[in-house]
Structures are given as structure tokens and as C-alpha cells.
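>>> Build the 3D model from these lines:
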Amino acid sequence: MKSYNLQQIFLQNFLKVSFAVTAFISFVYILTPFCIPILFGGILAMAFSPFVKIIMARGFTRVASLRILSLLMFFIGIIPTGAFFFRGARVISEMASMVNSPFSAQAINHKLDGLIDKFSKIYGIPESKLHNQIDKLISKVSSFIMSTFGDILSQIPDLILISIITLLSFYFFISNEERIRKLFDEYFFFQEENGNRFIKLLKSSCREVFFSNILTGTIQSIVVSFGSLIAGVGDFFLVFCTTFIFSFVPIIGAGPVAIVIAVYSLAINNIYAAIVMFVVAAVAGVSDNIIRPFLASLGEVEVPPFIGFITVIGGVIIFGLPGLFLAPLVASVSFGLVPIMFDEYLKKENGPN
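This next block holds a predicted model:
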């Protein structure tokens with residue numbers, strides 16, 4: 001009788017459960033291409049959720065505050081992105097015209113010949129061998145830059161779509177904050193205190209990832225790019241973008257970008273530019289050691305620098321460029337979640353008898 005009941009229950013629920021599981025898996029599979037932008041939207045929503053109350057304190061309704069914040073996010077994202085593509089296209093076209101121009105090519109070759117003569121005399125390397133190596137290096141670098149930027153331009157429609165989804169996800173998460181919190185309390189079964197700690201950990205970690213990395217990277221990029229502008233070495237926009245990307249890497253930071261420019265300035269006998277860029281490298285390093293710890297204090301967890309470094313490298317290997325943002329968040333949440341889980345289960349077991 002018992003086996004019959006189990007068989008009957010199985011037959012009655014098999015199709016329903018199978019259909020529900022299939023529908024859920026299909027739904028997740030359809031959303032797979034947009035997992036990263038949706039995740040970024042959630043990160044931004046948690047990072048900027050306190051600003052909703054700040055705007056509402058100015059007399060705006062919650063709906064108006066959400067719209068104002070979403071518009072700000074749109075312009076914050078669209079301005080640098082547009083500058084990247086327009087300026088990048090201009091730089092690439094200038095590089096192409098310089099390479100194709102006989103006069104420019106002759107001037108560049110003349111400078112290279114001088115550098116090659118100097119290095120061959122100092123290090124005793126045959127000029128022909130050094131010429132061949134430099135020609136190969138220039139060819140590889142220029143083809144890499146052209147192909148990379150060409151790939152980026154070809155992906156503009158996808159990038160626009162991803163940006164729109166990120167912005168819509170941001171608005172969805174931040175407008176449904178209270179509903180999401182109710183679902184969290186209903187299905188995660190945290191004790192109230194630990195649930196509050198966990199939500200606070202998520203929000204503070206998102207704020208730390210955004211403000212600590214974005215603002216620190218922006219400040220360092222401004223310092224290095226303006227330094228290169230004053231020194232008259234390098235393109236302002238390319239230096240800014242390169243420094244911004246390197247600023248996300250713990251321990252290394254943005255200083256090496258300025259050092260590379262300074263070494264290049266020494267190689268072309270531009271002593272003034274080299275001195276300026278060495279000073280800029282020192283300033284960038286000091287600003288990283290002052291600004292980043294201050295902004296990181298907004299978070300609940302302090303991740304050891306070495307762990308943060310290998311986490312970022314692993315994040316880039318797995319996720320690509322988004323790993324620069326996601327890896328620090330995962331590390332912070334992982335370190336902060338451990339004591340919460342200990343309190344959640346150990347306090348239950350060792351609670352009052």
C-alpha cells in the first residue's frame with residue numbers, strides 16, 4: 001500500500017516537476033549571455049542604494065529619485081565610453097596616416113636609427129640584428145592595436161545592448177530593493193541579525209569595489225595622463241585608459257605606466273619628460289597608498305593584498321575584463337561571509353540550553 005502511494009505520488013507529480021525544472025533551466029540558459037551585465041546592474045544598485053535616500057531627502061519622491069539616479073548613471077557611463085570610441089578611432093586613424101605617410105615614416109625611421117645606433121654601441125649588439133628585432137616588434141604591436149580596436153568597433157552594437165541591460169538591471173534591482181529583501185528573508189532563513197549583517201556586507205562590498213577601484217583608478221589616471229601631457233610624451237587619452245586599467249591590479253597599480261613612459265623618455269634623450277614622469281609615478285604610488293585604503297574603509301572586510309592580487313588575476317583569466325570588478329567583490333564577500341556563517345550555525349548549536 002505504501003509503495004503504491006509512493007508510485008502514485010511520483011506519477012502525479014513527475015510531469016509537473018519535469019516541466020517546471022525544464023522551464024527554469026531554459027530560462028536560465030536564455031539569460032546566460034546577459035549574466036555579467038545583470039550582475040553589474042545588481043552591484044551598482046547595492047553600491048548606490050544609499051543615494052536614493054539622499055536624493056529623497058531633497059524633497060523628491062522615491063520614483064523621481066530612482067529616475068534621477070538612473071539618468072546620472074547613464075551619463076556617467078555614456079560620456080567616457082563615447083570618448084573612448086571617438087578618441088580611439090582618431091588615434092588609430094592618425095597612427096595609420098603616419099605609417100602610410102612617406103615623410104612621417106622617414107622621420108620615424110630616422111629617430112629609430114639614432115636609437116639603434118646608440119643601443120648597439122652601448123650593448124655591443126649588431127645594428128642589423130637590432131633593426132630586425134625592432135621592425136618585428138613594431139609590426140606586432142601595430143597589428144595588435146589595429147586588430148584589437150577593430151574588434152572593439154565591430155562589437156559596438158553588443159556593447160550598447162550590454163550597457164542598456166546593465167542600466168535596466170540597475171533600475172530593476174534598486175527599485176525592487178524592499179521586495180528582494182523580503183524574498184531574501186523568506187528563502188535564506190538567516191537569523192535576523194545575521195541576515196542584516198549579510199545584506200550590509202553585500203552593500204559595503206559593492207560600494208568598496210565601485211568607489212575604491214573606480215575613483216582611485218580615475219584619480220591615478222588623471223595624475224599620470226596630465227603628467228604625460230605636461231611632459232609632452234604620449235597620447236593623453238591612451239595614457240588615461242591604460243593607467244585606469246592597470247590601477248585595478250593590486251600591488252602593481254598605476255605607477256608602472258608612468259615609469260614606462262619615463263624610461264621611454266630617457267631612451268629618446270628627453271630628460272625633462274623623464275624627470276616629470278618619475279615624479280608622477282611617485283605621486284601616483286603615494287595616492288594609491290592613501291586614497292585606496294581610505295575608500296576601502298567604506299567596506300566591512302579587509303582582504304590581504306596578496307589574496308586580492310591573485311584573486312584579480314584569476315578573475316581576469318576566467319571572466320576577462322569584468323574580472324577586474326568581480327574578483328575583488330567575490331574576495332570581499334567570501335572573507336566577510338565566513339564569520340557570519342560561523343555565527344549562524346555555531347550560535348545555534350551553542351545557544352541557550
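>>> number of nearby residues for residue 176?
13 (other C-beta atoms under 10 Å). No exception for glycine: its C-beta is placed from N, CA and C like everyone else's.
>>> Distance of it relative to residue 335?
28 Å (C-beta to C-beta, to the nearest Å).
>>> Could you do residue 286 as well?
27 Å.
>>> go on, residue 71?
35 Å.
>>> higher neighbour count, the two?
Neighbours per residue (other C-beta under 10 Å) separate residue 71 from residue 335, with residue 335 holding more: 18 against 11.
>>> Quick check: the gap between the more buried one and residue 304.
For residue 335, the distance to residue 304 - C-beta to C-beta - is 9 Å.
>>> Domains in the chain, by residue range?
34-143+160-189, 192-353 (automatic domain parsing).
>>> show me the residues around residue 202 that make contact.
46, 333 (C-beta atoms under 8 Å, 6 or more residues apart in numbering).
>>> What residues sit buried inside the helix or strand encompassing it?
Assigned by DSSP states H and E, residue 202 belongs to helix 192-207. By neighbour count on 16 or more other C-beta atoms under 10 Å, the buried set for helix 192-207 is 194-195, 197-199, 201-207.
>>> What would that helix look like as CSV? C-alpha coordinates only.
The C-alpha trace of helix 192-207 is given here as CSV (Å, rounded to 0.1, in the frame of the first residue of the first chain):
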residue,chain,number,x,y,z
GLU,A,192,17.6,38.4,11.7
GLU,A,193,20.9,39.8,13.0
ASN,A,194,23.0,37.7,10.6
GLY,A,195,20.7,38.5,7.7
ASN,A,196,21.2,42.2,8.3
ARG,A,197,24.9,41.7,8.6
PHE,A,198,24.9,39.8,5.3
ILE,A,199,23.0,42.5,3.4
LYS,A,200,25.2,45.1,4.9
LEU,A,201,28.3,43.1,3.8
LEU,A,202,27.0,42.9,0.2
LYS,A,203,26.2,46.6,0.0
SER,A,204,29.5,47.7,1.6
SER,A,205,31.5,45.3,-0.6
CYS,A,206,29.8,46.7,-3.7
ARG,A,207,30.5,50.3,-2.6
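>>> Show the subsequent helix or strand relative to that helix.
With DSSP H and E, the next secondary element past helix 192-207 is helix 216-231.
>>> and that following helix, what other elements does it pack with?
helix 236-246, helix 255-267, helix 271-296 (3 or more C-beta pairs under 8 Å, 6 or more residues apart in numbering; DSSP states H and E).
>>> Report the rounded mean pLDDT for the helix or strand encompassing residue 36.
Residue 36 belongs to helix 35-56 when elements are defined using DSSP H and E. Mean pLDDT, helix 35-56: 87.
>>> what packs against it?
By 3+ C-beta pairs under 8 Å, 6+ apart, helix 35-56 packs against helix 62-100, helix 156-175, helix 192-207, helix 323-349.
>>> looking at the ones you listed, which has the lowest confidence?
The lowest average pLDDT among the helices and strands packed on helix 35-56, as it happens, falls on helix 62-100, at a mean of 69.
>>> still on that earlier bit, how about the helix holding residue 36: buried residues?
Result for helix 35-56 [16+ other C-beta under 10 Å]: buried residues 36-49, 52, 55.
>>> Thanks again, I'm all set now.
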